[in-house]
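Novice: need coordinates for the below:
(one chain, ligands or ions: 1)
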Amino acid sequence: MRFRAPLVASILALPLITAMTPDAPARTPTEEFNYDESKVRDYILPVLLAGPEGRPIDSADAWRSVARPRWLSLLEATEYGRLLPAVPVTAEDVERGPGPDGATRIQARLRLGHGPDAPTTEVLLSLPPPPSGGTQEKLPTFLHLNFGGNHAESSDPAVRIPAGWVPNGKDTGVDDNKAKAASRGTLASRWPVKLLHDRGYATATAYCGDVFPDHADGRKASALPSLGYAVGDARMVSGDEPGAIATWAWQLSRILDWLVTLPEIDAERVIVVGHSRLGKTALWAGAGDERFAMVVSNESGCGGAALERRNYGETVRRITTSFPHWFAPTFATYADRETELPVDQHVVLAMTAPRPLYVSSAVEDRWADPRGEFLAAVAAGPAWKLFGKEGLGTDAYPAVDTPIGATIGYHVRSGPHDITAVDWGHFADFATRLLPPRKR
Ligand code: GTR
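Specialist: Below is the predicted model of the structure:
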């Protein structure tokens, strides 16, 4: 598929802002990176519906048996590293109590693997109050990882605080990489539990640093050694070695292993959501684990939903220099030669097919290339077509704050890089339409 770079879109020509993620580096000055649509290069995307030797893929069966495994393997080899193996999951120290607004709080420390030294992750699950008089349905659930600890996303004083490294951040008030009670609820705007409960969803979250602390040296303290992977400098390991994104995606799958055992949860309606680096992670989790019923990428940008072949905003060179630990080492070798990648991000999006996929951008978040995220969603559409489903259903860029789409949803929110109640409201609308709740 060939794209001619469109003219500068006025909605994208807004001032650059700084990231709201704790410890995220300040956003790069505009002049160093391309924010000019007229300077986006011509490019040809890898043909999505192609098998080995370019043979056309023209049926859902051929997609499942030939194209999908081939693409998944190429994504493992060039971007995210090999998928991590499943391990037994044991729930320890389960606590259940009343949460805010009539909700039920469940906390569980999940041990991921064999033996007392296996890594753990602390899950905070919140169930909405049961409907008055009616029978409680099995609950569809939004699952997302957080950046700073469960306590930072909830003001509930009973929420446990992580013992390990957490990022410093102005929002959380952390300046010594140690989690503190004073951070409680400081990032709660990113996780509007009551809004989601009112819509009939359970909500689950866990801290990504439980399995891979998000810094260049995080590999040593990550879950990877417990699974037999090499430690040491990420660049010294094999080219397709998994990095932080793959490890966080594995964490999401292990949490799903536990969620599906709970009588309150609808095992076929667990939706994985992620913002920014954790949006890249949500996409990769949904690619590797088809039990996730729906995938939501919020402003995931480079290495997430945005096409790499557009030289707009964050680049492969920049991301693999700033965050070498996120990806497989091979990804860095595509710096400045994105056109030689055997994949692009429309392929990552297509891994969700035929399940519902939602991609969201924010107007001021040019670093994540909103238009590149939209174009990837357009280019992923043919995978849904094979299943008789419509993807986005349009290739016209939507107006700001106007959700569009059929089985792929998209919106570009006004405002900066963040995940807000407005975004979550759109995700819930889309999920309710495509995965209507079922009775027990
Ligand atoms: C930025 C990074 C982006 C995005 C973001 C975030 O600094 O360049 O790729 O992941 O961090 O996760 O907040």
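Novice: neighbours of the residue in the stretch 51-200 of the chain that the ligand sits nearest to, just the number please.
Specialist: Closest contact between the stretch 51-200 of the chain and the ligand, by CB to the nearest ligand atom, is at Phe147 (7.6 Å). C-beta coordinates here come from the backbone N, C-alpha and C atoms, glycine included. Phe147 sits with 26 neighbouring residues when counted by other CB atoms under 10 Å.
Novice: next one: it, what pLDDT does it get?
Specialist: Per-residue confidence (pLDDT) for Phe147: 97.
Novice: ranges for the strands of the protein?
Specialist: Shown for the chain, the strands assigned by DSSP state E span residues 2-3, 43-44, 89-98, 104-112, 120-127, 139-146, 202-207, 265-275, 294-298, 357-362, 404-405, 408-413.
Novice: kindly report the residues of the stretch 151-300 of the chain close to the ligand.
Specialist: 276-277 (CB under 6 Å from any ligand atom).
Novice: of the strands of the chain, give the one that comes closest to Glu79.
Specialist: strand 294-298 (14.5 Å; CB to CB).
Novice: residues contacting Leu252?
Specialist: With contacts defined as CB atoms under 8 Å, 6 or more residues apart in numbering, Leu252 is in contact with 143, 145, 272, 281-282, 285, 289, 292.
Novice: before we move on, the earlier item: would you list the strands of the chain in CSV and tack on mean neighbour count?
Specialist: Formatted as CSV, these follow (neighbours: other CB atoms under 10 Å):
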stretch, mean neighbour count
strand 2-3, 12
strand 43-44, 14
strand 89-98, 13
strand 104-112, 21
strand 120-127, 24
strand 139-146, 24
strand 202-207, 26
strand 265-275, 24
strand 294-298, 29
strand 357-362, 29
strand 404-405, 20
strand 408-413, 26
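Novice: where does the stretch 101-250 of the chain have low pLDDT?
Specialist: 232-237 (pLDDT under 70).
Novice: how near is the residue sitting furthest away from the middle of the chain to Lys220?
Specialist: Farthest-out residue of the chain from its mean C-alpha position, per CA atoms, centre = their mean: Gly133, at 36.7 Å. Per CB to CB, to the nearest Å, Gly133 is found 54 Å from Lys220.
Novice: just to revisit the earlier point, now, among the contacts of Leu252, which is nearest to Pro398?
Specialist: Ala282 (21.5 Å).
Novice: looks like that closest one contacts Val296 (just checking).
Specialist: Yes - Ala282 is within contact range of Val296, at 6.3 Å (criterion: CB atoms under 8 Å).
Novice: need the residues touching each of these two.
Specialist: 272-274.
Novice: the residues you listed into JSON lines, with extra columns for pLDDT?
Specialist: Shown next, in JSON lines, are the shared contacts of Ala282 and Val296 (pLDDT from 0 to 100):
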{"residue": "Val272", "pLDDT": "99"}
{"residue": "Val273", "pLDDT": "98"}
{"residue": "Gly274", "pLDDT": "98"}
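Novice: and those residues as TSV, adding distance to Val359?
Specialist: Output for these, formatted as TSV (distance: CB to CB, whole Å):
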residue	distance to Val359
Val272	13
Val273	12
Gly274	11
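Novice: name the nearest of the residues you listed relative to the ligand.
Specialist: Gly274 (9.3 Å).
Novice: need the contact list for that closest one.
Specialist: 144-145, 280-283, 285, 296-298, 300.
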